[in-house]
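[1] Structure here, sequence nowhere to be found:
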């Protein structure tokens, strides 16, 4: 075995050049010590670790280092990687908050703490979260762990064996659609928020999708006025064409900025919050929750769109 410990000209600290048992390649590494005895001990330890790795007795150094790092540190790197891959800010915040909650409440200090038992015990304690939301927590945790495997920071996903919960009948609340008369009253009394309610109820788009619709996506001058929904803003990541109902067409025509070539967001000031919608519903005499316990929220306007299509006998 070739081994040479030396100091380069003008340097105070030692380096080592050595050859391992797997071939003729000569390795060079700094020892970060000006004391020869310490440098020799470091060199022997370095070579011993690498020989054990070659023999399969010791895991790769990258894995050992990753195992010692706090899981929260890996989580931060994962979120940063999502940003590099141009995932939306809202998605990154969602992922970060949920992973931080899991790490804290499951007591996951390091990778070795992540177990099926710790996750399922945490899952069973969550009485205020729906099965759908709990499945999303599992999805975020698995995404982090699978990313660690791809990065060479882990050998496996400890939560791979955890099965998703059955979402049927386990919602935290049930949602209902607005009746036609209720929808008309809400839009009529909504004031500056009327367009948002009308847009949601006449297109069926989700809140996050509506927030990203641009004026350039709305084709008012076409033979058949429509919204060309871009694939990058839809949940399904598929483009869609939504015809404009006459009432929505007229409302958009009145609201479109007079500036020629304006292509900004249709709802540049955002959409009504949950509390604002609830206040508007109460002001219209519409109960937020009916006698069955079914609630109205912004997503209920998507249900309303489906109900309006059914009433009009549209597939």
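    Received it, and whenever you're ready, just let me know what you need. As the structure is a computational prediction, the values presented were derived from the model and not from experiment.
[2] Spit out the contact partners of residue 62.
    The contact partners of residue 62, by Cβ atoms under 8 Å, 6 or more residues apart in numbering, come to 152, 153. Using the backbone N, CA and C atoms, a C-beta is placed for each residue, glycine as well.
[3] That one and residue 43, how far apart?
    21 Å (Cβ to Cβ, to the nearest Å).
[4] next one: residue 32
    Counting by Cβ to Cβ, the gap from residue 32 to residue 43 is 11 Å.
[5] what about residue 82, how many neighbours?
    Residue crowding around residue 82 was assessed by other Cβ atoms under 10 Å; the count is 18.
[6] Surely it touches residue 91?
    Yes: if you go by Cβ atoms under 8 Å, residue 82 and residue 91 touch, sitting 7.2 Å apart.
[7] more crowded one of residue 32 and residue 43?
    Neighbour count, other Cβ under 10 Å: between residue 32 and residue 43, residue 43 has more, with 21 against 11.
[8] wait, what's in contact with that one?
    Residue 43 makes contact with 3, 5, 16, 18, 31, according to Cβ under 8 Å, 6+ apart.
[9] swap in residue 238?
    Residue 238 touches residue 231, counting by Cβ under 8 Å, 6+ apart.
[10] Could you verify that it is part of a helix?
    No: remark: residue 238 does not belong to a helix; assigned using DSSP: H, G, I helix; E, B strand; the rest coil, it is coil.
[11] Could you identify the helix or strand that succeeds the helix or strand bottoming out on mean pLDDT in the chain?
    Using mean pLDDT, DSSP states H and E, helix 61-68 stands out as the lowest-scoring helix or strand of the chain, at a mean of 80. Sequence order places helix 71-84 as the next helix or strand after helix 61-68, per DSSP states H and E.
[12] in that next one, what's buried?
    By neighbour count on 16 or more other Cβ atoms under 10 Å, the buried set for helix 71-84 is 71, 74, 75, 77, 78, 79, 82.
[13] What is that helix packed up against?
    On a contact count with 3 or more Cβ pairs under 8 Å, 6 or more residues apart in numbering; DSSP states H and E, helix 71-84 meets helix 89-105, helix 131-150.
[14] Identify each buried residue in the first one, please.
    Of the residues in helix 89-105, those buried by neighbour count under the rule 16+ other Cβ under 10 Å are 92, 95, 96, 98, 99, 102, 103.
[15] Quick check: nearest residue in space to the fifth one, chain neighbours excluded?
    If you skip the residues right next to it in sequence, residue 99 has residue 75 as its closest partner in space, 4.9 Å away by Cβ to Cβ, 6 or more residues apart in numbering.
[16] what about the helices in the stretch 151-300 of the chain?
    180-189, 194-203, 207-211, 246-255, 274-283, 300-311 (DSSP state H, counting those that start in this stretch).
[17] As TSV, those with distance to residue 227 and mean pLDDT would be great.
    Putting the helices of the stretch 151-300 of the chain into TSV (distance: least, Cβ to Cβ, whole Å; pLDDT from 0 to 100) gives the following:
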stretch	distance to residue 227	mean pLDDT
helix 180-189	18	92
helix 194-203	6	95
helix 207-211	10	92
helix 246-255	9	93
helix 274-283	22	92
helix 300-311	13	90
